[in-house]
Every structure is written in C-alpha cells, then in structure tokens.
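In: Dropping the sequence and predicted coords here.
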There are 2 protein chains.
Amino acid sequence: MNRTELIDTIRKKKSFLCVGLDSDITRIPSFLKNQPNPQFRFNKEIIHHTVDVAIAYKLNTAFYEAEGIDGWSSLEKTVAEIPDSIFKIADAKRGDIGNTSKQYAKAFFEKMSFDAITVSPYMGVDSVKPFIEFEDKWIIILGVTSNKGSYDFQFQPLTSGIKLYEQVLTTAAKWGTNSNVMFVVGATHPAVFHKIRRMIPDHFLLVPGVGAQGGDLEAIIKGGKIKDEGLVINSSRSIIFAGDGADFGEKAGVQAHAIHDQMAKYFSSE
Amino acid sequence: MNRTELIDTIRKKKSFLCVGLDSDITRIPSFLKNQPNPQFRFNKEIIHHTVDVAIAYKLNTAFYEAEGIDGWSSLEKTVAEIPDSIFKIADAKRGDIGNTSKQYAKAFFEKMSFDAITVSPYMGVDSVKPFIEFEDKWIIILGVTSNKGSYDFQFQPLTSGIKLYEQVLTTAAKWGTNSNVMFVVGATHPAVFHKIRRMIPDHFLLVPGVGAQGGDLEAIIKGGKIKDEGLVINSSRSIIFAGDGADFGEKAGVQAHAIHDQMAKYFSSE
C-alpha cells in the first residue's frame, strides 16, 4: 500500500485505529481451542467486528511463533483474511545483516502480503535497506518504544547534543522516504510528540501503547497529527480481549468503536 | 546447557567452532529440493559431517521463516537433531515488550530446545528479562555487530564518555550473570576485543563474521579468550556452502575441520 492509499483510508474512515492482533493462545476463548488454527479463528471474528473502523491490523509475530507450525499457519491465514484496502503490519522487530534481512523481507512481503514490518535500528542501515527495496512496502523503525526499558538506551544523551532516539529518527529518515519509512513512537511518551514533529514533520508514526499500556490519545493526536494525517495508533489487548465468552467478537467491536469515536472528532466533518 | 557444561564441551573438543546453519533455500543443492523439508535434509547432512568439531550450531531463523510452514518445520526438526551436548543458538535477534518476549522465550526454549537466543538491546531490560527466567538458558545480546551498519549507532559517543556499544555491554551485563548473558561481538572489529575484555572479563562472546565476512581468527582468540574459554566463534557460509554437489556434506566437513585445526592450537595439549 502506498502513502496516498493509506491517507485515503484514514480519511475515509476518520480513523487512526490499528487493531493489534496479539492473539495470545492462553487468553483466547477456550471453545476455540478444540480445532486447528484457533488463533486464526479468533482473529477472523475480531476482524469481522472491527474492520469498519480499523485502518490497519498489526500482528505481533511472537504470539504465533510461540505456537509453532499451527501458529505460523494462523499468521499466514490471518494476513490473507484482511482486505487489501487495510494496512497490514508484521510486528516482528526484525533487523539483521543484509542477506538475512532479505530473507525476512521475502517471508513477510512475498510469502505473506504484509505492507510493513517493524525493525530494530541497532544494526544500522544495511539491516533495514533490503526491506524498502520492495515497491509500496514499508519499514517501521523503533524510535521510542512504549516499555519501561526504553529509558535504558533510547534516551541516552550523545555528545552531539541529542538523544539516541533522536539520532535514530534523523539518521533513519534518510535511509528511505516518507513513503516507505515510518517510526514507532510509544504512546507512553506523549511529551515527545511535538519534539519529534520538529525533526520528522512528514513521516508516519506507529503509536503503540494506547489502552493496556496507558497512553494518552488526545496528547498523541494533538502532538502527532499532520496535514497528511501521519498517525497509525495501535490498541491491542484492550480491544481483542474485551470479552472472553461466545460474544468476544461483539465486545471487541464495541471497544474498537468506542476508541474510533474519540478519534473521529479530530477529522473535519465534510 | 549451563556454563560449566559449555566450557567442558569447548575443552573436550579443543574448539570454539559454532556452525551457522544459514540454510538459504536458493543455495542448497538442487537434488534436495524435490522432497519436503529440504532445509532440514541439508542441515542433517551438514551436522553429520561437522558434529565432531562443532561446539555449537546457530540457526538464523530468517532463512526458515522465509520458507513459511515448511521452513518452520525444518527449523524444529533441525534443533531436535542436534545432540544435547552441543549448544544450540536461535539467531533470531528478537526483543519486544515483556509479555511478547515471554512468548518468544516459550517458542524457542520450550517448543524447541534451543539453549540461547540472540536479542537486540534497543528496547532495554524488560525486553530481554523474560528470556533469562528459564534455567540454564541464555540471552546473547547484540553488542558490536559484524556489518557495516554497526557504525551508524553502536559507535556513537555518549556524553558519559563511552560509546553506545560499551554502554550496552556494561548495562546489560548487570541484567543477568555470566552464566546466562553473552554478547555478540563481530569478528570484523578485532581491535575492540581487548577493550571489551576490560569491561566484561568473564562473559562469553558469540563472534560472527569469521569466514565469509572476513574476520581475523587469531586476533579474536588472542583478544577474547579467557581462563573459562569465553568464546563461541561462528562460521556459516564458508562451511555450509563449501560444496554444492552430492558431496556437499563432506566438503563442509573438510572446511569445518580446517577451521578447527586453527583453533585447536590455542588449547594446551594435555
């Protein structure tokens, strides 16, 4: 999916909502577990009830790898289930030397039809370049993550006068364009959004941590929204595990629509 | 595998050799490709011819994920094929927020019997802690990687007077012990080994980049070897792709033994 299509989807739905399919097998309703691919069956129902307000789905690959072949198969089937008009993110946090990253790119962009993959910046440019050699595919580079450990290194001050995450944003922005590079900026750091927008005014930001991790939606949208929208805001557990009975899909839908209602206010009502 | 067992294996074999099973499907002999799990069949043959001199095998998960379910199945079968006396590394470069890392730990340490997993430090302590809550399992944290992009961030000078990779080594060493934390230090940076040994005198180092990436074996062993050995030196492509005909296994064996001959010199001949 290219930048124009992503912007169009966001405006049409008046939504920044990315639903995170962190479909932890231990938390999905037990009645789904007596058949193959329970994670896929869970996801299919969640997608059905959230697809009208979601502009993206993010699949955290860890939860599928943890289930071995059955999980990997659920991952593949889920991606195939999501309509083409919706942005599909492999939250894999990969990044390796060149020929290895090329393999990951092949896995996520060719074998499966993801639009984007999250990558760690630590290994530098050649670890992420192979991903953006695919047309209309994106890398989403970890900038500021939403967890406590983000303070260990990301906020380390460099002798150049900026912090490591700022160096990552400004350096990595040059590795591609604003049409194939995004950055992860955790919702748990709402104060940095204004600062980040001065450094990378045009890039899309993927914002995890709204909901279970406690990010502040208003501060994020006010600080991060740009002329071209520029935000993909993820919520995972608070949506997908809103219910645990036979009506888990409906309950997820209710929760997704509630978040969407808050987002829609920030779009003009033409 | 615990530290004592790893040291014993190294001494018994007079070897630091880790064989990297980067079993790229496009490079394995074509006659293997007409049956299921060609990567596993390739690996099985490589293991057979190298197991007497290898103290570890490292499986780069990217090459298996690129082949989807068949690849994932080859990964699982390969781990099961490697004897318990040998150290098994999942070169996955994972690292995510706590509950996600827990899923990866489950995938690699419970579903499969890996002894260690490589992790990126960028997200900080809570992204790697879940891995070392497993007894006798290890994390191998990226310190200095062997690729060109390592200069983008790892060598950035911090205001505290040290470089980012030095901060990573000294900070992350405290996240666990020298019995469950190792560091990746690329063979392409032989000059840093002496310096690193002053900071982390007791930790094991996983050293990729010998062979195809051009690292210098002598400088690494002289700079990195400690009383408790302390080195796991990986060679991938120069061994596993030494041949491409029916005798590819024998050719890999010859190459592995040649590297081993160079390593054995550094062990006393009691």
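Out: It's in.
In: right, is stretch A:76-96 up against chain B?
Out: Yes - for stretch A:76-96, a contact with chain B is found by CB under 8 Å from any CB of the partner chain, at A:Glu76, A:Asp91, A:Lys93, A:Arg94, A:Gly95, A:Asp96. Where C-beta positions appear, they are placed from N, C-alpha and C, glycine not excepted.
In: Is the first one part of a helix or strand, or is it coil?
Out: Secondary structure, DSSP: H, G, I helix; E, B strand; the rest coil: A:Glu76 is helix.
In: Now do the contacts for it.
Out: Contacts for A:Glu76 (CB atoms under 8 Å, 6 or more residues apart in numbering or on different chains) come out as A:Lys111, A:Met112, B:Gly68, B:Ile69.
In: gap between it and A:Lys44?
Out: Per CB to CB, to the nearest Å, A:Glu76 is found 13 Å from A:Lys44.
In: same check, this time on A:Val181
Out: Taken as CB to CB, the span from A:Val181 to A:Lys44 is 31 Å.
In: And for A:Arg3?
Out: 29 Å.
In: Same check on A:Leu164?
Out: Counting by CB to CB, the gap from A:Leu164 to A:Lys44 is 40 Å.
In: check contacts around the residue sitting nearest the centre point of chain A.
Out: Per CA atoms, centre = their mean, the C-alpha nearest to the average position across chain A is that of A:Lys58, at 4.7 Å. The contact partners of A:Lys58, by CB under 8 Å, 6+ apart, come to A:Cys18, A:Val19, A:Gly20, A:Leu21, A:Ile89, A:Asp91, A:Leu206, A:Pro208, A:Asn234, A:Ser236.
In: any chance of the residues you listed in CSV, with distance to A:Ser150 and pLDDT too?
Out: Shown next, in CSV, are those (distance: CB to CB, whole Å; pLDDT from 0 to 100):
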residue, distance to A:Ser150, pLDDT
A:Cys18, 19, 98
A:Val19, 23, 98
A:Gly20, 18, 97
A:Leu21, 23, 98
A:Ile89, 19, 98
A:Asp91, 16, 95
A:Leu206, 15, 98
A:Pro208, 11, 92
A:Asn234, 16, 96
A:Ser236, 17, 94
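In: ok so, going back, looking at A:Leu164 and A:Lys44, which has the bigger crowd around it?
Out: A:Leu164 (22 against 16; other CB atoms under 10 Å in any protein chain shown).
In: Hmm, the more buried one is touching A:Ser150, no?
Out: No - counting by CB atoms under 8 Å, A:Leu164 stays clear of A:Ser150, with 10.4 Å between them.
In: Could you pull out the buried residues of stretch A:26-45?
Out: Judged by neighbour count (16 or more other CB atoms under 10 Å in any protein chain shown), stretch A:26-45 contains these buried residues: A:Ile28, A:Pro29, A:Leu32, A:Asn37, A:Pro38, A:Gln39, A:Phe40, A:Arg41, A:Phe42, A:Asn43, A:Lys44, A:Glu45.
In: repeat for stretch A:44-57
Out: Buried residues in stretch A:44-57, counted by 16+ other CB under 10 Å: A:Lys44, A:Glu45, A:Ile46, A:Ile47, A:His49, A:Thr50, A:Val51, A:Val53, A:Ala54, A:Ile55, A:Ala56, A:Tyr57.
In: Stretch A:91-110 now?
Out: Buried residues in stretch A:91-110, defined by neighbour count with 16+ other CB under 10 Å: A:91-109.
In: Quick check: strands, which of these are part of them?
Out: Using DSSP state E, A:Asp91, A:Ala92, A:Lys93, A:Arg94 are the members of those that sit in strands.
In: hang on, isn't A:Thr9 packed against A:Lys88?
Out: No - contact between A:Thr9 and A:Lys88 fails when scored by CB under 8 Å: they sit 11.7 Å apart.
In: Compare those two and say which is more crowded by neighbours.
Out: Ranked by neighbour count (other CB under 10 Å), A:Thr9 and A:Lys88 place A:Lys88 first, with 23 against 18.
In: What does that one show for phi and psi?
Out: Dihedral pair for A:Lys88: phi -120, psi 120, per degrees, to the nearest 10.
In: Kindly state the beta-bridge partners for it.
Out: For A:Lys88, the beta-bridge partners are A:Tyr57 (DSSP bridges).
In: pretty sure it is in contact with A:Ala54, am I right?
Out: No - with contacts counted by CB under 8 Å, A:Lys88 stays clear of A:Ala54, the gap being 10.7 Å.
In: Let me see the ranges of the helices in chain A.
Out: Applying DSSP state H to chain A gives helices spanning A:3-13, A:38-50, A:62-65, A:68-81, A:98-105, A:125-128, A:150-153, A:164-173, A:193-199, A:217-224, A:237-240, A:248-264.
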